[in-house]
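>>> okay, structure incoming, though there's no sequence with it:
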């Protein structure tokens with residue numbers, strides 16, 4: 001007995017030592033940068049050379065033994081900054097860079113046992129243009145959300161545990177995921193990964209399984225299991241299910257399984273959860289009053305466009321990204337609602353065609369685009385004309401367009417998911433004379449609070465407004481190839497020059513560009529079966545000008561293809577002027 005007891009004591013002692021060894025080593029992680037999964041043009045920490053403009057540089061530490069000390073080496077030869085760590089979750093300093101180019105800042109943390117760890121972040125010091133200002137605004141917004149750690153998140157006056165809780169978490173997860181921060185990424189590579197996973201788990205924890213049956217408009221049960229999955233922390237799930245679908249789809253892990261939720265959700269793949277969530281929305285679509293739309297609860301007997309946009313854009317995301325289409329009747333019935341709720345002036349009303357405004361009209365465009373109505377259709381063109389005519393209608397946080405983030409998000413989403421006559425994506429880039437993306441960017445950058453948050457709607461909290469601000473600024477990152485051409489803007493005649501496609505990239509991890517095809521002048525049409533050149537970097541033989549011609553303009557085209565099962569492609573064009581003037585040498 002004593003021998004067995006001694007063995008148990010020794011085993012426990014060894015276990016304690018092993019556990020202590022595991023937790024003793026501190027682990028340092030730094031803010032996101034462009035050397036992670038995405039290219040620098042999409043995901044990086046931006047600064048510009050200005051002694052009066054300091055960038056916040058931050059990281060965190062887990063494990064080890066408190067108290068900690070830290071050092072930040074900014075990578076530009078300036079003195080390091082250091083001291084005692086006050087908040088292990090946020091070790092932040094500010095720094096101004098004097099020169100352009102990439103800088104590599106290193107955070108080193110030492111714990112009470114004198115054990116250390118370090119991590120490096122790349123800072124791109126670039127000109128202060130709109131791209132850099134927008135990217136910095138997004139990074140500041142995400143940092144603010146991270147620091148609030150899913151705190152008080154209200155929507156339309158309800159508090160932390162009130163209505164729309166799932167919808168608020170869903171928008172926050174979507175804001176991070178659309179920026180490339182995914183819940184199942186290595187947390188040592190992405191400081192936000194665990195945070196996004198926490199939000200995803202909260203969403204599924206508020207799910208429920210609902211028995212569904214055939215409705216008058218059709219059978220909503222696409223997989224024949226007799227159930228749908230809803231999401232809500234209150235009594236208004238129709239808002240929240242569409243948002244939950246968008247968040248789950250954006251996390252790009254269809255084969256992973258839910259870590260929280262009731263039986264039927266827990267340990268179920270996210271793919272199957274989304275299938276049953278679409279079935280829930282199909283079942284919840286109104287049969288009679290407000291036919292074809294949605295209201296706060298399932299089969300409510302009335303509809304409104306403020307609600308109906310969310311099931312529409314949620315199912316659009318599932319169909320576009322995961323190829324999970326709803327039953328055919330969902331779109332045909334929804335078109336009954338859009339016809340009923342669109343005013344003669346092109347705008348959309350709330351629960352009928354009267355009293356249209358900008359936000360409801362953005363919702364109407366979302367619904368029409370989800371129903372595969374092409375952007376050139378009279379219904380969408382009339383809606384765009386209404387938006388153009390009412391662009392400055394009562395601009396404020398309670399009404400109108402600029403300043404109401406709820407309305408701005410609806411307009412942005414409707415424009416982004418528009419399709420052409422063939423059903424292919426075709427983003428609407430202008431609304432009348434308005435470049436909506438640029439005007440929205442300008443408003444959001446100029447009205448962001450110094451700490452990174454926004455408050456610009458009548459829907460409750462800074463958190464939900466900050467989610468919308470980020471989502472308006474950055475289109476969703478889809479997993480596609482992107483063609484990029486590096487070539488001179490002008491060349492002398494009869495002189496070879498280099499065409500460089502090595503900057504082309506795939507927008508997500510796990511795939512790569514495998515084919516580069518070049519067309520030297522698309523004036524004669526593009527024939528990718530017989531390209532003029534092939535390869536990542538090639539030498540063009542040079543152009544010959546016709547006799548008496550002093551200059552000509554040529555359009556170079558590059559098509560790239562990825563190595564996914566779909567073998568997606570992308571095309572880029574580059575204009576080159578060929579002339580007889582003197583050109584400087586190229587090093």
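On my side now, so go ahead. As the structure is a computational prediction, the values presented were derived from the model and not from experiment.

>>> quick one: low-confidence parts of the stretch 301-450 of the chain?
Within the stretch 301-450 of the chain, the set of residues satisfying pLDDT under 70 comprises 394-400.

>>> if you set the cut-off to 90 instead, what comes out?
The model of the stretch 301-450 of the chain has pLDDT under 90 over residues 301, 392-404, 423-425.

>>> check the stretch 101-250 of the chain too.
Within the stretch 101-250 of the chain, the stretches falling below the threshold (pLDDT under 90) are 101-104, 122-136, 148-169, 178-180, 185-189, 215-217, 232-236, 239.

>>> go again using 70 as the cut-off
By pLDDT under 70, the low-scoring segments of the stretch 101-250 of the chain are 150-163.

>>> which residue ranges form the strands in it?
For the stretch 101-250 of the chain, strands defined by DSSP state E, counting those that start in this stretch occupy the ranges 101-110, 116-125, 207-211, 227-231.

>>> from residue 246, how far off is the residue most central in space within the chain?
Within the chain, one residue has its C-alpha closest to the average C-alpha position: by C-alpha atoms, centre = their mean, that is residue 178, at 1.7 Å. In this view, residue 178 and residue 246 are 9 Å apart by C-beta to C-beta, to the nearest Å. (Each C-beta comes from the backbone N, C-alpha and C, glycine too.)

>>> ranking the strands of the stretch 101-250 of the chain by burial, who's on top?
strand 227-231 (a mean of 25; mean count of other C-beta atoms under 10 Å).

>>> ok, that strand: who's next to it in the sheet?
Looking at strand 227-231 with DSSP bridges, its partner strands are strand 207-211 (antiparallel).

>>> ok, residue 255 touching residue 269?
Yes - taking contact to mean C-beta atoms under 8 Å, the distance of 5.7 Å between residue 255 and residue 269 places them in contact.

>>> may I see the buried residues of stretch 544-557?
Along stretch 544-557, the positions that meet the burial threshold by neighbour count (16 or more other C-beta atoms under 10 Å) are 554, 556, 557.

>>> okay if I get these as CSV plus distance to residue 317 and pLDDT?
Listed next are the buried residues of stretch 544-557 as CSV, based on distance: C-beta to C-beta, whole Å; pLDDT from 0 to 100:
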residue, distance to residue 317, pLDDT
554, 40, 88
556, 35, 92
557, 31, 92
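
>>> which one of these sits closest to residue 320?
Nearest to residue 320 among the buried residues of stretch 544-557 is residue 557, at 26.1 Å by C-beta to C-beta.

>>> for that closest one, which non-adjacent residue is spatially closest?
Closest residue in space to residue 557, ignoring its immediate chain neighbours: residue 519 at 4.2 Å, by C-beta to C-beta, 6 or more residues apart in numbering.

>>> can you check residue 185 too?
In space, residue 185 comes closest to residue 193 once its chain neighbours are excluded; the distance is 4.4 Å by C-beta to C-beta, 6+ apart.

>>> how much space between the one you found and residue 183?
With the distance defined as C-beta to C-beta, residue 193 ends up 6 Å from residue 183.

>>> closest to residue 348 among the buried residues of stretch 544-557?
Taking C-beta to C-beta as the measure, residue 557 is the one of those closest to residue 348, at 39.6 Å.

>>> the closest one belongs to a helix, doesn't it?
No - under the criterion used here (DSSP: H, G, I helix; E, B strand; the rest coil), residue 557 is strand, not part of a helix.

>>> of residue 193 and residue 183, which one has the most company?
Neighbours around residue 193 and residue 183, counted as other C-beta atoms under 10 Å, are more numerous at residue 183. The numbers are 27 against 19.

>>> the more buried one: what's it in contact with?
For residue 183, the contact set (C-beta atoms under 8 Å, 6 or more residues apart in numbering) comprises 173, 177, 193, 194, 196, 197, 199, 200, 251, 253.

>>> neighbour-wise, which of those residues leads?
With neighbours set by other C-beta under 10 Å, the maximum within the contacts of residue 183 is found at residue 173, which has 31 neighbours.

>>> quick one: that residue and residue 197 touch, right?
No - in this structure residue 173 lies outside contact range of residue 197 using C-beta under 8 Å: 9.2 Å.

>>> can you get me a residue count around the closest residue to residue 181 other than its chain neighbours?
Closest residue to residue 181 in three dimensions, ignoring its sequence neighbours and counting by C-beta to C-beta, 6+ apart: residue 192, at 4.0 Å. Burial of residue 192 is recorded as 24 neighbouring residues (other C-beta under 10 Å).
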